[in-house]
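> I would like to see how this sequence folds:
(one chain, ligands or ions: 1)
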Amino acid sequence: MKRVRQLRSRLDDFCTEDDVLKKLQSAKKILVITGAGISTSLGIPDFRSSRGFYSRLSNLGLSDPQEVFDLDIFRSDPSIFYSIAHMILPPDNVYAPLHKFIRLLQDKGKLLRNYTQNIDNLEANAGIDPEKMIQCHGSFAFATCVTCGYKVKGSTLYPQIRAKEIPFCPLCVEQRNKLLDQDAYVEESYGVMKPDITFFGEALPLLFHDNINQDLRDCDLIISIGTSLKVAPVADIVDKVRGSVPQILINKDPIHHCNFDVSMLGYCDDVVSYLCDKLGGSWNIDHPSYESLV
Ligand code: CNA
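Model prediction:
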């Protein structure tokens, strides 16, 4: 099989594809960690792949592409973020087969929690229960004024974001203009709306900290999907789980800094489709079968 490979295993008795299939059937509390790779099949670029989002930012003059998500830089010049935000804006009403796989785990009563690093909120489109999901880095679902805290649905800003314009708070814009007219000092980000995504320099949502320790105690399987596991603290989750809990990686590229029991390398939609084909019966995510794709 081309796309499914194993690396070294931590658990002597959990290292084969059969072990994965059996565990998917028996597991009752699966902790799923997801990242940008689960949405790339919908045309949303990930960050760190060779054609990812970071590779497209060379014209911004930043020393590190991660700076577009730096809170201090946003405050001093929000136009940098808004010149590129359109590229990662979630499309309407869509989700990928991989989101459907997570929904299937939920419907089977096996999903303990989905810790998603994604900000596209597509899990919601797939019907993942908000209680079963932690958006570790926030999402585009809402946006907040950096000056007065006024909150709006994120989608109300999409037209401006698509037009690469800076969206302003309706409550603060008048005061901003007044100050500008008076030649008073006005912070660049005064009255600017910021999507509720977690920038570098911001704390993760409380929900993450409230749940992660208990979930690590409770889970009986971890599946990491479509993430390079480079951003802490989500990246640290896999190191903190009990040694007896099997850990599976489903990813396009191998991950060398974490010790998964089984690594299934390939496009995640294909890998879960393949697993569902093998499991048969109600394991159905309506995706072309693995065999038809190779
Ligand atoms: P990353 O560092 O860009 O890593 C993505 C990983 O996914 C890489 O290891 C790729 O090999 C892998 N990958 C890409 N496409 C596929 C695919 N079709 N099937 C399987 N694997 C694939 O992104 P991470 O999520 O690890 O980094 C965390 C960042 C990315 C978070 O802060 C996110 O907010 C941020 N992000 C989110 C989105 C989104 O919401 N869709 C898009 C881009 C970045």
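> Could you use CA atoms for every contact and neighbour count after this?
Noted.
> residue boundaries of the helices in this structure?
Using DSSP state H, the helices assigned to the chain run over residues 17-26, 71-76, 78-84, 97-107, 122-125, 158-162, 173-181, 206-218, 237-240, 268-279, 290-293.
> Show me the one of the ones you listed that comes nearest the ligand.
Smallest distance to the ligand across the helices of the chain (Cα to the nearest ligand atom): 3.8 Å, for helix 268-279.
> picking up where we left off before, out of the helices of the chain, which is closest to Gly226?
helix 268-279 (6.8 Å; Cα to Cα).
> Report all helices and strands that that closest one contacts.
helix 17-26, helix 97-107, strand 247-251, helix 290-293 (3 or more Cα pairs under 8 Å, 6 or more residues apart in numbering; DSSP states H and E).
> orientation of the second one relative to helix 17-26 in degrees?
For helix 97-107 against helix 17-26, the angle by axes from the mean of the first three to the mean of the last three Cα atoms, to 10 degrees is 50 degrees.
> so does helix 97-107 get close to the ligand?
No. Contact of helix 97-107 with the ligand (Cα under 6 Å from any ligand atom) is absent, the minimum separation being 8.8 Å.
> Please name every helix or strand in contact with that helix.
strand 111-116, helix 268-279.
> what separates the last one from the chain centre, distance-wise?
Translated: helix 268-279. 20 Å (Cα atoms, centre = their mean, to the nearest Å).
> Next, the buried residues of that helix.
The neighbour-count check on helix 268-279 (16 or more other Cα atoms under 10 Å) flags Cys268, Asp269, Asp270, Val271, Val272, Ser273, Tyr274, Leu275, Cys276, Asp277 as buried.
> Run a quick neighbour tally on the closest residue to Asp13 other than its chain neighbours.
Computed as Cα to Cα, 6 or more residues apart in numbering, the closest residue to Asp13 that is not its neighbour in sequence is Asp19, at 8.0 Å. Residues near Asp19, counting by other Cα atoms under 10 Å, number 14.
> confidence score at Asp19?
For Asp19, the model assigns a pLDDT of 94.
> Could you dump the helices of the chain into CSV and include distance to Tyr190?
Putting those into CSV (distance: least, Cα to Cα, whole Å) gives the following:
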stretch, distance to Tyr190
helix 17-26, 50
helix 71-76, 8
helix 78-84, 10
helix 97-107, 37
helix 122-125, 30
helix 158-162, 17
helix 173-181, 7
helix 206-218, 26
helix 237-240, 36
helix 268-279, 41
helix 290-293, 51
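> pretty sure Leu104 contacts Asp286?
No. Using Cα atoms under 8 Å, Leu104 is not in contact with Asp286, being 11.0 Å away.
> Which one's more surrounded, those two?
Each of Leu104 and Asp286 has its neighbours counted (other Cα under 10 Å); Leu104 has more, 20 against 12.
> which ones are touching the more buried one?
For Leu104, the contacting residues are Trp283, Asn284, Ile285, by Cα atoms under 8 Å, 6 or more residues apart in numbering.
> separation between the second one and Gln117?
For Asn284, the distance to Gln117 equals 25 Å [Cα to Cα, to the nearest Å].
> So which bits of the chain are right by the ligand?
So the chain meets the ligand at 35-41, 44-49, 88, 117-120, 137, 226-229, 231, 251-253, 266-268 (Cα under 6 Å from any ligand atom).
> The same query, at a cut-off of 5 Å, please.
Residues of the chain lying near the ligand by Cα under 5 Å from any ligand atom: 35-37, 46-48, 117-120, 226-229, 251-253, 267-268.
> Name the residues of stretch 205-213 that are buried.
For stretch 205-213, by 16+ other Cα under 10 Å, it's Pro205, Phe208, Ile212.
> tell me the mean pLDDT over that stretch?
Here the average pLDDT along stretch 205-213 is 95.
> ok, residues contacting it?
So stretch 205-213 is contacted by Ile134, Gln135, Cys136, His137, Gly138 (Cα under 8 Å, 6+ apart).
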